[in-house]
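A.B. asks: here is my input; please provide its structure:
(chains A and B)
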Protein chains: 2
Amino acid sequence: MTNDMQFGFSDLRCPTPIIQAPMAGVQASALAIAVSNAGAIGSLPCAMLNKEQLVSELKLLNSHAKGLWNVNFFVHKPPTPDAARELDWRNTLAPYYRAFGQDPPPAGGSSREPFSHAIADVVQTFKPPIVSFHFGLPAPDLLQRVRSWGSKVIASATTIEEGLWLQEQGVDAVIAQGLEAGGHRGMFLSDDLSTQLGLIALLPQLVKTLQVPVIAAGGISDANAVRSVLTLGACMAQVGSAYLLAHEATTSTVHRLALQSPAARHTALTNLFTGRPARGIMNRLMKELGPISELAPAFPLATAGMMGLRTFAEQQGNGDFSPLWAGQNGCLAKAGSAAEITAGLAQGALSGQPRQLG
Amino acid sequence: MTNDMQFGFSDLRCPTPIIQAPMAGVQASALAIAVSNAGAIGSLPCAMLNKEQLVSELKLLNSHAKGLWNVNFFVHKPPTPDAARELDWRNTLAPYYRAFGQDPPPAGGSSREPFSHAIADVVQTFKPPIVSFHFGLPAPDLLQRVRSWGSKVIASATTIEEGLWLQEQGVDAVIAQGLEAGGHRGMFLSDDLSTQLGLIALLPQLVKTLQVPVIAAGGISDANAVRSVLTLGACMAQVGSAYLLAHEATTSTVHRLALQSPAARHTALTNLFTGRPARGIMNRLMKELGPISELAPAFPLATAGMMGLRTFAEQQGNGDFSPLWAGQNGCLAKAGSAAEITAGLAQGALSGQPRQLG
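C.D. replies: Modelled structure (predicted):
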């Protein structure tokens, strides 16, 4: 271990304390590779990839990433389809479709598969340095398979109870996902949103309670924020929104424009786009239906009904029906290369006194 | 200015970067005096004091506090009484009263007066070093009166818009009240709870946007947290929950026991106790009515209906109907003298590298 490789967890070492958060829908392997090559941990979101895409992306990462990398999977329980509820959802959205001169799509359809032995068959070939999970962990036999390749396993906790549960299952590190984080809440032991904690509450509680290292996530937007979470005892910082305007991200034009507009100051947790609460910039649909609605079918069944609306609106250059995922500091994101963004975040991580105002 | 007086704002200087948060209902001048004498800024919550109490408390502070001190007032608009709504509220609470063998109290009654010229007449004699306001600021003529004595004026912002508004009115510093904070949300330009930000989002946004110094509040539970908010650009840290178990606080027995129990891990914003959202430990009433209810009359009119229930339950040693105000890190509070708590918070504020895990 040399002086410039002093961050990490388990026996992984990284020159910077930064993990780029996996962000399904706004990035592929290009961002993960660029971040890895810039000295941080690059992450590939895999929840929405089919087998061919997964193979192709893993080949790219495996050949081009010179540093550490992470592949992320969802481990939700597939919901019991509920035809009546899905029909209600289509009927709720129907007036919006008609305003575009379209019929709402038929019910049914899912866009996200949980991690499985079939997916593990693909991943196994590549033995990723890190595999991360959202919404809990896979079943013990499947988890054991991942660990048997030597991949480190990390997963998100949003409460002390979830952190303790993950530690018992043998994860190498726990990600403290503060309420500020963009995208899906990783919560899996409760669906009560009042249990969710700001990072400055969740992180110290997990650090004091757990024996495994804790990675901080949520609202970490610049080098000062990285230093502040290290001060609070995090081993690394997982950063998502600050990469949304990276040249290598595939963030859509409407999403990029929303992030750079005053609208980005107001995000909310919403279940309208997928069926599970996720943080995004408040837009027309969230305002009109309320960001959390009992009408949205269970995750991920709400997604299919929204797809057409999103496409029609984005063709007209608006994000009224798009999931504009962003954390509470997404408004501070700046455009640049992943290398520039990573260097900015890591700056002064090792040194520097707290700023004193006189 | 000497080396050991390097924190503060405007031309005030303090040996530690700590302001004890004013906490109505759980403290009087004794805590503020002890904190002031320990080298931090002690605060007196005045919103629930009558004129005689205010004079008496200010005399005590003025004679015994050797350091800086702050007096805090609410500046809410008095609500229009709504007899029908208050009756509905009494009817909602009636079954709980009957379970204690009691009748619900008649409607009416208020326990909190906003800051006024009559109150200013009292305060003026004492010229407090700092006057802080919650829920906005008093009218310009009244604000000018406070400034004319030489008192520094600070107030809470929960959004960028509120921070900019306070700066325009000429405050000496803005308190960034993160969503983690216990007690009443200071929000005054919006009542939409989805606008409220975790401290790691709110603080950097205010620091980057405002010219006036920013004080951090919410979830700051120990010396590492104090250092982390200084790293994020705060000039000082306002700390509430960490003082709830101070020997000098008047925190009730049921409140102290709740803070030291696992229940303290789960707080929520609730309007049931006063009519405005405030963070407290989830208890029976919050679970049964839902923490946010449209039934609760406007602030502060919800309070009177709850008083009897609270008293009866506390006599039986339970906090089912008590406002158990606490921040999201209230569960980390430790018992001790105010001097010990202050020294613990200030420890290493000036020095120390971010902790590096190897």
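
A.B. asks: identify, by residue count, the longest helix of chain A.
C.D. replies: Once chain A is assigned using DSSP state H, the helix that runs over the most residues is helix A:83-99.

A.B. asks: so which elements touch the helix or strand that comes right after it?
C.D. replies: Counting by DSSP states H and E, the next helix or strand C-terminal to helix A:83-99 is helix A:117-124. In this structure, helix A:117-124 packs against helix A:51-64, helix A:140-148, with contacts taken as 3 or more C-beta pairs under 8 Å, 6 or more residues apart in numbering or on different chains; DSSP states H and E. (Glycine included, C-beta is placed from N, CA and C.)

A.B. asks: mind listing what's buried in helix A:117-124?
C.D. replies: By neighbour count with 16 or more other C-beta atoms under 10 Å in any protein chain shown, helix A:117-124 contains the buried residues A:119-120, A:123.

A.B. asks: one more: stretch A:12-22?
C.D. replies: Applying a neighbour-count criterion of 16+ other C-beta under 10 Å, one finds A:12, A:14-22 buried in stretch A:12-22.

A.B. asks: mind putting those residues in JSON lines, pLDDT, secondary structure and distance to chain B included?
C.D. replies: Shown next, in JSON lines, are the buried residues of stretch A:12-22 (pLDDT from 0 to 100; DSSP: H, G, I helix; E, B strand; the rest coil; distance: C-beta to the nearest C-beta, whole Å):
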{"residue": "A:L12", "pLDDT": "95", "secondary structure": "coil", "distance to chain B": "12"}
{"residue": "A:C14", "pLDDT": "96", "secondary structure": "strand", "distance to chain B": "12"}
{"residue": "A:P15", "pLDDT": "94", "secondary structure": "coil", "distance to chain B": "13"}
{"residue": "A:T16", "pLDDT": "96", "secondary structure": "coil", "distance to chain B": "12"}
{"residue": "A:P17", "pLDDT": "97", "secondary structure": "coil", "distance to chain B": "8"}
{"residue": "A:I18", "pLDDT": "98", "secondary structure": "strand", "distance to chain B": "14"}
{"residue": "A:I19", "pLDDT": "98", "secondary structure": "strand", "distance to chain B": "14"}
{"residue": "A:Q20", "pLDDT": "98", "secondary structure": "strand", "distance to chain B": "18"}
{"residue": "A:A21", "pLDDT": "98", "secondary structure": "coil", "distance to chain B": "15"}
{"residue": "A:P22", "pLDDT": "98", "secondary structure": "coil", "distance to chain B": "20"}
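
A.B. asks: contacts for stretch A:72-80?
C.D. replies: For stretch A:72-80, the external contacting residues (C-beta atoms under 8 Å, 6 or more residues apart in numbering or on different chains) are A:22, A:24, A:43-47, A:110, A:112-115, A:119, A:131-138, A:275-276, A:297-301.

A.B. asks: get me the contact residues on the stretch 151-300 of chain A for chain B.
C.D. replies: In this structure, the stretch 151-300 of chain A approaches chain B at residues A:159-160, A:178-180, A:194-195, A:197-202, A:204-205, A:208, A:213, A:218-222, A:224-225, A:227-233, A:235, A:265-269, A:282, A:291, judged by C-beta under 8 Å from any C-beta of the partner chain.

A.B. asks: selecting buried members of those residues in PyMOL, what would you type?
C.D. replies: Once 16+ other C-beta under 10 Å is used to decide burial, the buried members of those can be selected in PyMOL as follows:
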select buried, chain A and resi 159+160+178+179+180+194+195+197+198+199+200+201+202+204+205+213+218+219+220+221+222+224+225+227+228+229+230+231+232+233+235+265+266+267+268+269+282+291
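
A.B. asks: and the residues of the stretch 151-300 of chain A next to chain B, which of them are in strands?
C.D. replies: Restricting these to those inside strands, with DSSP state E as the criterion, leaves A:267-269.

A.B. asks: and which of those residues is nearest to chain B?
C.D. replies: Checking these against chain B by C-beta to the nearest C-beta gives A:A268 as the nearest, at 4.0 Å.

A.B. asks: from what I see, A:P213 and A:F9 are in contact.
C.D. replies: Yes: A:P213 sits in contact with A:F9 when judged by C-beta atoms under 8 Å, with a separation of 4.0 Å.

A.B. asks: what is in contact with those two at once?
C.D. replies: Taking C-beta under 8 Å, 6+ apart as the contact rule, the neighbours common to A:P213 and A:F9 are A:172-173, A:235-236, B:357.

A.B. asks: highest neighbour count among those residues?
C.D. replies: In terms of neighbour count, A:M236 stands highest of the shared contacts of A:P213 and A:F9 at 29 neighbours, by other C-beta atoms under 10 Å in any protein chain shown.

A.B. asks: show me what that residue is bridged to.
C.D. replies: Assessed by DSSP bridges, A:M236 has beta-bridge partners A:I215.

A.B. asks: contacts only, for it.
C.D. replies: Contacts for A:M236 were tallied using C-beta under 8 Å, 6+ apart; they are A:7-9, A:14, A:17-19, A:41, A:173, A:213, A:215-216.

A.B. asks: cutoff 6 Å now
C.D. replies: In this structure, A:M236 makes contact with A:7, A:17, A:19, A:215, judged by C-beta atoms under 6 Å, 6 or more residues apart in numbering or on different chains.

A.B. asks: output stretch A:319-330 in PDB with nothing but the alpha carbons.
C.D. replies: What follows is stretch A:319-330, C-alpha atoms only, in PDB (Å, rounded to 0.1, in the frame of the first residue of the first chain):
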ATOM      1  CA  GLY A 319     -39.500  16.700 -19.200                       C
ATOM      2  CA  ASP A 320     -43.100  16.800 -17.800                       C
ATOM      3  CA  PHE A 321     -43.300  13.000 -17.800                       C
ATOM      4  CA  SER A 322     -39.600  12.100 -17.400                       C
ATOM      5  CA  PRO A 323     -38.000  10.800 -14.200                       C
ATOM      6  CA  LEU A 324     -35.500  13.600 -13.700                       C
ATOM      7  CA  TRP A 325     -33.500  11.800 -11.100                       C
ATOM      8  CA  ALA A 326     -31.400  14.100  -9.000                       C
ATOM      9  CA  GLY A 327     -30.300  14.400  -5.400                       C
ATOM     10  CA  GLN A 328     -31.000  17.500  -3.300                       C
ATOM     11  CA  ASN A 329     -27.700  18.900  -4.500                       C
ATOM     12  CA  GLY A 330     -28.200  18.000  -8.200                       C
END
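
A.B. asks: give me the residues contacting that stretch.
C.D. replies: A:180-183, A:219, A:221, A:241, A:254-255, A:258-259, A:264, A:267, A:273, A:280-281, A:283-285, A:309-310, A:313, B:197, B:201.

A.B. asks: and the nearest residue to A:T209 once chain neighbours are set aside, what does it touch?
C.D. replies: Computed as C-beta to C-beta, 6 or more residues apart in numbering or on different chains, the closest residue to A:T209 that is not its neighbour in sequence is A:I160, at 5.6 Å. The neighbourhood of A:I160, defined by C-beta under 6 Å, 6+ apart, consists of A:205, A:209, B:265.

A.B. asks: repeat that with 7 Å
C.D. replies: A:I160 sits next to A:205-206, A:209, B:265 when contact means C-beta atoms under 7 Å, 6 or more residues apart in numbering or on different chains.
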